[in-house]
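>>> 3D, please:
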Amino acid sequence: MAKHSNNYGSQFLHEQQGTLHTSTPVERANQKAEESSQKPTQKIASFLARYKHVLQPQATKQELDTTTQERNLQMLLPKLYEELVIESQDIPYAAFELEQQIARSLGHGDVTITEEFKERKTQEIRGNQQESIKYWATYLTSPDADYPDYAKYWAFTGMQTMGKLVKKEQEDGSEKVYFAKRTKDTVAPYSVCNAAALAKSISALDVYLQEQDRRKKLSKAKRKQDSLQLENTSTQLTDTEFTQLIATKSFSAIYAQFLKELPEYTEEGLENIQGEWIQYKQNSDAARLVESLKGYPLEWCTANQQTAQGQLQGGDFYVYYSQNSQGEHKIPRVVIRMEQDNIAEVRGITASQEVDPYITPVIQTKMQEFGTEGKQYQKKASDMQQMTVLMKKQEHNEQLNAQELRFLYELDSTIEGFGYNNKDPRIKELREQRDAKKDVLTVFDCTQDQVATSGTEITTQTKVYIGAINKEALQYIQQFSIDYAYTSFPETPIALQNLTIGTLSSEELLCTLKQAKDACDINILGYAQSMLDNRSEFQEPTQSRFESLDNKGETLNLVTLQVKDLGFSSDPTTVELFAKATELGLELCPKETAAYLRLQDTNQPRDDWYYIASQTVPDSDGRPRVFDCEHDAGGLWLRGHWTEPGDHWRLSDRVVFRFSKSDSDT
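Below is the predicted model:
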């Protein structure tokens, strides 16, 4: 590769940026040149030579050389920051809302977007962008970047157009990697600077330009005979695809391809999971952690100094590094971020920060060190491994058995992943490739005539109901004890259950809840506690029912439905919802139903919640509420939900009703 600026390089930049030769920096450099010129390519060559002299000065003493270089770079950086770093007023509000969503998904509750919060986040965004710019500028002006001057300019200006690194899984299972277009409101730092991918990008372009320059000197006849021939240095593209890519002369596209092809992250490279975990202590300097991640095409925000330092204030970091080609443990594969003694998140290197399919055994082993805290994450690792098995079976047209289909359709438990949304995108992809109607027969071990789609089709032989809800359908589903009922499979089950209440006095029920709360099995939110403490509206009715049942209790026939299942197309009010339930033969539950449900439903899936329809109980502020049961990152909860007559319920809300006693007795 040529080491200095050259005619074909200057010509290339002139073709790429037609007005570059008239820009102020180029004109100024041309004036200071020993021989000024009016030729665009010569003016650009003088500009490149000038910047090379400033940023890589020649001196008789290496110490003076280095000192001058560092001084000049420090003078340049503020100008680059001023030009390239996002302005505070351009940061979109969505960037702050994203922090709310992340906090919610991690079980931290709702984060209020205050001015102080926005200022802190703004400083973090701007600081991370400055850091990424500095890394590019420092590397490209160092002796290690032994590239042609025009190519450095091409890379640095090309980098400025690149937003967030995007990874998307394709239909054939391959992964597409590209950079989103950077705009003035892009909050992501500038791209990772990877020396290996950069060297391949520049080398490929330089060979292409030299070949073009050579062919220009040939006659038209010889050019027709002498077709453009490039050595394909890609490990994934065909010769034609490679030539087409380099012919775009797009730094973003070429660089993204070579990042994708880094040996460490190819299929063969990922299969090597030998390595070690490194712990970074809480409140330690983030520099060592950030340095270890530099140059790798990760989506981790931890790769940025400002973010990493803030995260280390919350707890320890564990990073697993697998072996590189030299046998060194250098390749980041998994990060575990702690908040105090709790695992806040586990992130991998594939799309949406999911873990790659080979590293799950390493995660499972590590999680054993975290006791009960690690069990939750062991399930995630197991689920991801099982999803990989199913994807491979689907690719090879292998049949999935009933157990595998139950897993895919999440009939027994939710599939948990390590990504932002805690949902592996492969679930949706795999389901869309299958025929759910046929899978139902395998999952529930039934024949087509045992599947009903309306109330009139339900018989004593029916095992599965998949259809709309009306009074007749609900009546028959209960009467014939249909095992599996859905309004849409598998998204909206009609959940039937029996619950015995009234076996505890009011005092005994509250004491049992308190014992569960003290044991940290169940959490009771403040408003819910005030509802339980309401003597006239909760405790006395509970005690009265206990006494009337003569200590024998009462078994309720309950059904859990989504609001939309009741026939609503828009969010109904409380009055409308409860009235519609009555039309369908349902009733409100006794007020203490939620307390019994909370004590019984200890296996409630993570990120699941439902409301118990009952007569309302005033909270400590006097507002009417009903109870709801939830399971989030903080554990199991009994909460209170505002239920004014005019309050609206979301169509996706799941609500528990009881079948009317008359229907239950039929």
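>>> going by C-alpha atoms from here, please, whenever you check contacts or count neighbours.
Noted.
>>> buried residues, stretch 371-381. List them.
Going by neighbour count (16 or more other Cα atoms under 10 Å), the buried part of stretch 371-381 is 374, 377-381.
>>> which ones among the residues you listed map onto helices?
374, 377-381 (DSSP state H).
>>> of these, closest to R333?
Using Cα to Cα, A381 comes nearest to R333 of these, at 13.9 Å.
>>> please name the nearest non-neighbouring residue to the closest one.
Among residues not flanking A381 along the chain, T360 sits closest, at 5.5 Å (Cα to Cα, 6 or more residues apart in numbering).
>>> give me the distance between the one you found and S322.
13 Å (Cα to Cα, to the nearest Å).
>>> who's more crowded, these two?
S322 (24 against 21; other Cα atoms under 10 Å).
>>> the more buried one pairs with what?
According to DSSP bridges, the residues that bridge with S322 are G275, I331.
>>> am I right that it is in contact with Q274?
Yes: using Cα atoms under 8 Å, S322 is in contact with Q274, at 5.4 Å.
>>> report the backbone C-alpha coordinates of stretch 364-373 in PDB.
Presented in PDB, the C-alpha positions along stretch 364-373 are these (Å, rounded to 0.1, in the frame of the first residue of the first chain):
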ATOM      1  CA  GLN A 364     -24.800 -21.100  33.100                       C
ATOM      2  CA  THR A 365     -21.600 -22.000  34.900                       C
ATOM      3  CA  LYS A 366     -21.000 -18.400  36.000                       C
ATOM      4  CA  MET A 367     -24.600 -18.000  37.300                       C
ATOM      5  CA  GLN A 368     -24.100 -20.800  39.800                       C
ATOM      6  CA  GLU A 369     -21.800 -18.300  41.700                       C
ATOM      7  CA  PHE A 370     -24.800 -15.900  42.300                       C
ATOM      8  CA  GLY A 371     -27.100 -18.400  44.100                       C
ATOM      9  CA  THR A 372     -30.800 -17.700  43.800                       C
ATOM     10  CA  GLU A 373     -30.100 -14.500  42.000                       C
END
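>>> circling back: just put the buried residues of stretch 371-381 in CSV and tack on pLDDT.
Below are these laid out as CSV (pLDDT from 0 to 100):
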residue, pLDDT
G374, 83
Y377, 71
Q378, 75
K379, 79
K380, 77
A381, 71
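>>> tell me the secondary structure at D628.
Taking DSSP: H, G, I helix; E, B strand; the rest coil as the rule, one finds D628 in the strand state.
>>> I'd like the distance between it and K514.
With Cα to Cα as the criterion, D628 and K514 are 17 Å apart.
>>> ok, now E276?
Using Cα to Cα, E276 is found at 44 Å from K514.
>>> and if you look at Q450?
46 Å.
>>> before we move on, what about F242?
From F242 to K514 the distance is 67 Å (Cα to Cα).
>>> ok, those two, which is more surrounded?
In this view F242 and K514 are compared by other Cα under 10 Å, and F242 has more residues nearby, 20 against 16.
>>> do you know the pLDDT at the more buried one?
pLDDT recorded at F242 is 94.
>>> how much space between it and E507?
To E507, F242 is 76 Å away according to Cα to Cα.
>>> next: A94.
Using Cα to Cα, A94 is found at 48 Å from E507.
>>> before we move on, what about N194?
Noted for N194: a distance of 66 Å to E507, by Cα to Cα.
>>> I246 too?
Taken as Cα to Cα, the span from I246 to E507 is 77 Å.
>>> the two: who's more crowded?
Taking neighbours as other Cα under 10 Å, I246 and E507 compare with I246 leading, 20 against 11.
>>> next, that one: secondary structure please.
From three-state DSSP, the assignment for I246 is helix.
>>> how far away is it from C193?
Distance from I246 to C193, by Cα to Cα: 19 Å.
>>> same question, K176
Per Cα to Cα, K176 is found 19 Å from C193.
>>> without its sequence neighbours, what residue ends up closest to K121?
Spatial nearest neighbour of K121, excluding adjacent residues (Cα to Cα, 6+ apart): F96 at 7.4 Å.
>>> tell me which element that neighbour falls in.
Element membership of F96 [criterion: DSSP states H and E] is helix 93-105.
>>> what residue ranges in the stretch 1-150 of the chain score low on pLDDT?
Counting by pLDDT under 70, the stretch 1-150 of the chain shows low-confidence ranges at 1-6, 53-66, 101-111.
>>> where along the stretch 1-150 of the chain do the helices fall?
Taking DSSP state H, counting those that start in this stretch, the helices of the stretch 1-150 of the chain run over residues 7-16, 24-32, 40-55, 62-84, 93-105, 115-140, 149-159.
>>> pick the most deeply packed of those.
helix 40-55 (a mean of 21; mean count of other Cα atoms under 10 Å).
>>> now for that helix, which elements pack on it?
With contacts defined as 3 or more Cα pairs under 8 Å, 6 or more residues apart in numbering; DSSP states H and E, helix 40-55 has these neighbours: helix 7-16, helix 24-32, helix 62-84, helix 149-159.
>>> list the helices and strands the host helix or strand of I363 packs on?
Assessed by DSSP H and E, I363 sits inside helix 360-367. Contact partners of helix 360-367 among helices and strands, from 3+ Cα pairs under 8 Å, 6+ apart: helix 372-395.
>>> what inclination does the helix it packs on have with respect to helix 360-367?
Taking axes from the mean of the first three to the mean of the last three Cα atoms, to 10 degrees, one finds helix 372-395 and helix 360-367 inclined to each other by 170 degrees.
>>> so who does the closest residue to L584 other than its chain neighbours touch?
Closest residue in space to L584, ignoring its immediate chain neighbours: K471 at 4.4 Å, by Cα to Cα, 6+ apart. Applying Cα atoms under 8 Å, 6 or more residues apart in numbering to K471 gives the contacts 583-585.
>>> could you identify the buried members of these?
Here, 16+ other Cα under 10 Å leaves 584-585 buried among the contacts of K471.
>>> phi, psi of R658?
Main-chain torsions, R658, degrees, to the nearest 10: phi -110, psi 150.
>>> quick one: it and L558 touch, right?
Yes: the pair R658 / L558 is scored as a contact, 4.3 Å apart, by Cα under 8 Å.
>>> neighbour count: these two, which is higher?
Between R658 and L558, counted using other Cα under 10 Å, the more crowded position is R658 (26 against 21).
>>> from T114, how far out is the more buried one?
Separation of R658 from T114 (Cα to Cα): 43 Å.
>>> same thing with M384?
Per Cα to Cα, M384 is found 37 Å from T114.
>>> the more surrounded of those two?
M384 (23 against 10).
>>> contact partners for the nearest residue to the more buried one once chain neighbours are set aside?
Excluding its sequence neighbours, the residue lying closest to M384 (Cα to Cα, 6+ apart) is G417, at 6.3 Å. Residues counted as contacts of G417 (Cα under 8 Å, 6+ apart) are 354, 380-381, 383-384, 423-424.
>>> could you export those residues as CSV, including distance to K260?
Shown next, in CSV, are these (distance: Cα to Cα, whole Å):
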residue, distance to K260
E354, 16
K380, 26
A381, 24
D383, 26
M384, 22
K423, 24
D424, 21
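>>> out of those residues, who's nearest T616?
Comparing those against T616 with Cα to Cα places K423 closest, at 34.8 Å.
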